[in-house]
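> need a structure here:
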Amino acid sequence: MFDPEEIRKDFPALNRLVNNRKIVYFDNAASTQKPIQVIRAMQDFYEKHYANVHRGLHTLSQEASKMYEEAHEVLARFINAYSWREIIFVSNTTEAINTIAYGWGLWNLKEGDEIVITVMDHHSNMLPWRIVAQIKKAKVRYVDITDDGYLRYDQLAELVTNRTRVVAFSLASNVLGTVNYAKKIVKIAREVDAIVVADGAQSVPHMPTNVRELGVDFLAFSGHKMLGPTGSGVLWGREDVLEELKPFKVGGDTIIDVTLDSVVWHELPWRFEAGTPNIAEGVGLAEAAKYLVKVGMENIREHEIELVRYTLKRFEELGGEIEYYGPRNPADKTGVIAFNIKGLNHHTVGAALDMFGIAVRTGMHCAHPLHRRLGLEGTVRASYYLYNTFEEIDYFIESLEKIILLKKSLSGSPPETICTGT
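Prediction:
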């Protein structure tokens, strides 16, 4: 049975005191805490098996290589890839998308071609395409959202034309939590034979992911957002599409042979993992994936939905002082809640919550165009994961109540005249 209290026992950081209060970690969309199993797996690797991979016949190198290659197999099963050869280890989602943009875009885009992305995209799925478009004299077109945070699929169908070569989108928004309908997007893109790139940084850690069902050409996600270490992540691509992808970074371990006149690239996935990789991080990421599988991705998804549902219900008790952004239906979003307290700067709220030991994120969350589309200068973002509880939400609401009361007392104004700006 899914039990957050039992799960919490695996996370040493959750016992930390912040400002003499037990920490409430609601910053999971930025990065997640690590279970002791991941920490120990990496420690064991460094203590007993460390050596460089693929470059030695001695015992330690053979052991390290085996562990690193098996990590690829674990991640392939985690997203139901066709083969472990489709799993390329990268440092994070950002590197993965840059690899696609430069490895595919620079070689396949031409002047007048179009790339379709969305207003809700993270900068990491926006800026690489804009730079490549500038180099190739291609054009970037943006799909808007509705006022309540859903993608404009009607507009997407209009923007995708015979000139569209790439459709790139986030499977879930890192600000609004909106879960996008991948199959609908893929269907529209396939009508013009465009490649489809999915940013899974905010979805893969939170719900079951099956790349065979998604139908996309590429999927990128980060390890540190799914209980794994920093410096770990995955670029998945269908093997036939990966064979068309040119290596973005080249050097050691990417080749079979080099002469002064030619190069024979290594087989998949090694041609895309240049130099000494983040070996321990790959081992840690595999352990994180195993942990999530054991807990059950379906359980995690349902738990987050209920946490959001409960939070929105509790928000209603705060006398209209909270402005909340994005879908109102918890089933349409991940465990991300972007909000503001009326009349208070988002950074002020974040700092105040930290005094209560509550960790949230404030600002524009690497999604400046989205915030400007919503007419906002920033938001407070609370984001949940498998170890968060309803009791923590109760404490969160109580803390917000105290912040609101303090705001009113300092303003010297009755509630009805308090500024409602964001």
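> Provide the contact partners of stretch 24-40 at residue level.
With contact meaning C-beta atoms under 8 Å, 6 or more residues apart in numbering, stretch 24-40 is reached by 10-14, 174, 202, 205, 224-230, 284, 287-288, 290-291, 334-336, 356-361, 365, 381-385, 387-388, 392, 395-396. Any C-beta I mention is one placed from the backbone N, CA and C, and that applies to glycine too.
> Of these, which belong to strands?
Under the assignment DSSP state E, the contacts of stretch 24-40 contribute 336, 358-359, 361, 381-383 to strands.
> now for the strand or helix carrying E302, which elements pack on it?
Using DSSP states H and E, the element containing E302 is helix 297-315. In terms of contacts (3 or more C-beta pairs under 8 Å, 6 or more residues apart in numbering; DSSP states H and E), helix 297-315 is packed against strand 322-325, strand 336-341, helix 390-411.
> That helix to strand 336-341, inter-axis angle?
Interaxial angle, helix 297-315 versus strand 336-341 (axes from the mean of the first three to the mean of the last three C-alpha atoms, to 10 degrees): 10 degrees.
> Quick check: mean pLDDT of helix 297-315?
Averaging pLDDT along helix 297-315 gives 98.
> Output it as PDB, nothing but the C-alphas.
Provided in PDB are the C-alpha atoms of helix 297-315 (Å, rounded to 0.1, in the frame of the first residue of the first chain):
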ATOM      1  CA  MET A 297       4.200   5.400 -10.900                       C
ATOM      2  CA  GLU A 298       0.400   5.100 -10.900                       C
ATOM      3  CA  ASN A 299       0.400   5.500  -7.100                       C
ATOM      4  CA  ILE A 300       2.600   8.600  -7.400                       C
ATOM      5  CA  ARG A 301       0.300  10.100 -10.000                       C
ATOM      6  CA  GLU A 302      -2.800   9.500  -7.900                       C
ATOM      7  CA  HIS A 303      -1.200  10.800  -4.800                       C
ATOM      8  CA  GLU A 304      -0.200  14.100  -6.400                       C
ATOM      9  CA  ILE A 305      -3.700  14.600  -7.800                       C
ATOM     10  CA  GLU A 306      -5.200  14.200  -4.400                       C
ATOM     11  CA  LEU A 307      -2.600  16.600  -2.800                       C
ATOM     12  CA  VAL A 308      -3.600  19.200  -5.400                       C
ATOM     13  CA  ARG A 309      -7.300  18.600  -4.900                       C
ATOM     14  CA  TYR A 310      -6.900  19.100  -1.200                       C
ATOM     15  CA  THR A 311      -4.700  22.200  -1.600                       C
ATOM     16  CA  LEU A 312      -7.200  23.900  -3.900                       C
ATOM     17  CA  LYS A 313     -10.000  23.100  -1.400                       C
ATOM     18  CA  ARG A 314      -8.000  24.600   1.500                       C
ATOM     19  CA  PHE A 315      -7.200  27.700  -0.700                       C
END
